[in-house]
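1. What shape does this take:
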Amino acid sequence: MSWIREGELNFIEKITANILKAGPIPKHVAFIMDGNRRFARKKHVERQEGHMQGFNKLAEALRWCLHLNIREVTVYAFSIENFKRSQDEVDGLMELAKQKFVKLLEEQENLEKHGVCIRVLGDLTLLPLDLQQHIAKAVVATKAHNKCFLNVCFAYTSRYEITNAVREMAWGVEQGLIKSSDVSEAMLSECLYSSNSPNPDLLIRTSGEVRLSDFLLWQTSHSCIVFQSVLWPEYSFWNLCDAVLQYQFNYRSIQKARELHREEQARLQLEADRACIAEVLQHHGNGKPADAQRRQEVLLNYTACREERSQDFLKALKHKRNTFLSDLSSQAAMA
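-> Numbering: from 1, shown residues only. Modelled structure (predicted):
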């Protein structure tokens, strides 16, 4: 089954899509694709078949998203917690993932046609080496595409992601790229696996569970969250429309909350900068209070220097991550 399923909506679906598109459409939707194993039990088939049907449904859901002008999708494909499942199930999921990434590499022409950029978010080092290499090849092969984006969270939990972001900032301080005073909420956001993406506008969890299961906890603090009872392999276009409609009903409150958060971030950063320059002025001013113009000059200079350090650090971090993927991809090519 292809990652991007071709095909048009039927007449009624097209009308519905056009009505929805008259209102605000989420630019980025995240899915917790829950219910594959329960679907398998319900249909009296093997668990692996349930996971296969779940992947097939993802391909279908991506087509619906394209028709609704949803250009970015993030999916929870494999949690680090899933390694606690039976070895047979974990091995089966790893093999299925390998097959699908091999299939993706065979579909580069189709992915290029749609401009699909594939990103994989998580700790790839926890995966079998051959799967790491196939993933890296897929990410490198599609990194220049920019019409739509599919983020696959694999070997991922949000707490692990946040912890890793803190480690990355500590690395930046150790390397002398940034100062400890440069560490902020905004910088932590830039160190997450998802730093290339805007935060999801809409998060959907299927199967009736009403918890986030350690998925995008940082990124969805101001997102519309919709819990739906349908099992993921049985998900339909109409379920997606229902979720988008709930997003539209809550659109204004979501935008207001985001704006207030941005303002609060800016206020806290300004306070932190002022505290730093007060210390600088006290240290270099021989105890004499600086006038307003001097304080403003120092603040502007400090802010510019902090921003330059931050950008240099983020470039170094991006280079480190890209090099890791490029090396894996090269290993796969030589294998």
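2. Mind telling me what element K113 is part of?
-> Element membership of K113 [criterion: DSSP states H and E] is helix 108-114.
3. now that helix: how far from the chain's centre is it?
-> Relative to its chain's centre, helix 108-114 lies at 21 Å (C-alpha atoms, centre = their mean, to the nearest Å).
4. That one: which residues count as buried?
-> For helix 108-114, a neighbour-count test (16 or more other C-beta atoms under 10 Å) marks L111, H114 as buried. C-betas here are computed from N, CA, C, even on glycine.
5. Show me what the helix or strand that it is followed by is packed up against.
-> Once helix 108-114 ends, the next helix or strand along the chain (criterion: DSSP H and E) is strand 116-121. Applying 3 or more C-beta pairs under 8 Å, 6 or more residues apart in numbering; DSSP states H and E, we find strand 116-121 packed against helix 129-142, strand 148-156.
6. Give me the contacts around strand 116-121.
-> Contacts with strand 116-121, where a contact means C-beta atoms under 8 Å, 6 or more residues apart in numbering, come from 3-4, 74, 104, 111, 135, 138-139, 142-154, 156, 161, 193-194, 196-197.
7. list the contacts for M94?
-> L127, P128, L131 are the contacts of M94 under C-beta under 8 Å, 6+ apart.
8. what about it, which SS state?
-> helix (DSSP: H, G, I helix; E, B strand; the rest coil).
9. Would you agree R71 is in contact with L150?
-> No - the criterion here is C-beta atoms under 8 Å, and R71 misses it with L150 at 10.2 Å.
10. Who has more neighbours out of these two?
-> L150 (22 against 18; other C-beta atoms under 10 Å).
11. State the pLDDT value of the more buried one.
-> For L150, the model assigns a pLDDT of 96.
12. what about A333, how many residues close to it?
-> With other C-beta under 10 Å as criterion, A333 counts 10.
13. same question, V166
-> Neighbour number of V166 under other C-beta under 10 Å is 12.
14. check which helix or strand covers it.
-> Going by DSSP H and E, V166 is in helix 158-174.
15. Beyond that helix, next helix or strand please.
-> helix 185-191.
16. Any buried residues in that next one, and which?
-> For helix 185-191, by 16+ other C-beta under 10 Å, it's M187, L188, E190, C191.
17. Please apply the same query to stretch 327-335.
-> L328, S329, A332.
18. Show residues contacting that stretch.
-> With C-beta under 8 Å, 6+ apart as the test, stretch 327-335 has contacts from L124, D130, Q132, Q133, H134, I135, A136, K137, V139, V140, A141.
19. again with stretch 163-172
-> By C-beta under 8 Å, 6+ apart, stretch 163-172 touches D123, I178, V183, M187, L188, C191, L192, Y193, F313, A316, L317.
20. Sketch out the strands for the stretch 1-150 of the chain, chain order is fine.
-> Assigned by DSSP state E, counting those that start in this stretch, the stretch 1-150 of the chain shows strands spanning 28-32, 72-79, 116-121, 148-156.
21. ranking the ones you listed by burial, who's on top?
-> Comparing the strands of the stretch 1-150 of the chain by mean neighbour count (mean count of other C-beta atoms under 10 Å), strand 28-32 comes out on top with a mean of 25.
22. Tell me what angle that one forms with strand 148-156.
-> Here strand 28-32 runs at an angle of 30 degrees relative to strand 148-156 (axes from the mean of the first three to the mean of the last three C-alpha atoms, to 10 degrees).
23. Summarise which helices and strands strand 28-32 is packed against.
-> Looks like strand 28-32 contacts helix 47-67, strand 72-79, strand 202-205 (3+ C-beta pairs under 8 Å, 6+ apart).
24. C-alpha coordinates for the longest one, CSV please?
-> Coordinates of the C-alpha atoms in helix 47-67 are reproduced here as CSV (Å, rounded to 0.1, in the frame of the first residue of the first chain):
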residue,chain,number,x,y,z
ARG,A,47,-2.3,-8.3,15.7
GLN,A,48,0.1,-7.7,12.8
GLU,A,49,-2.9,-7.5,10.4
GLY,A,50,-4.4,-4.9,12.7
HIS,A,51,-1.2,-2.8,12.5
MET,A,52,-1.1,-3.3,8.7
GLN,A,53,-4.7,-2.0,8.4
GLY,A,54,-3.7,0.9,10.6
PHE,A,55,-1.0,1.9,8.1
ASN,A,56,-3.4,1.6,5.2
LYS,A,57,-5.8,3.9,7.0
LEU,A,58,-2.9,6.4,7.5
ALA,A,59,-2.4,6.5,3.7
GLU,A,60,-6.1,7.2,3.3
ALA,A,61,-6.2,9.9,6.0
LEU,A,62,-3.3,11.7,4.3
ARG,A,63,-5.3,11.8,1.1
TRP,A,64,-8.3,13.4,3.0
CYS,A,65,-6.0,15.9,4.6
LEU,A,66,-4.6,17.0,1.2
HIS,A,67,-8.1,17.5,0.0
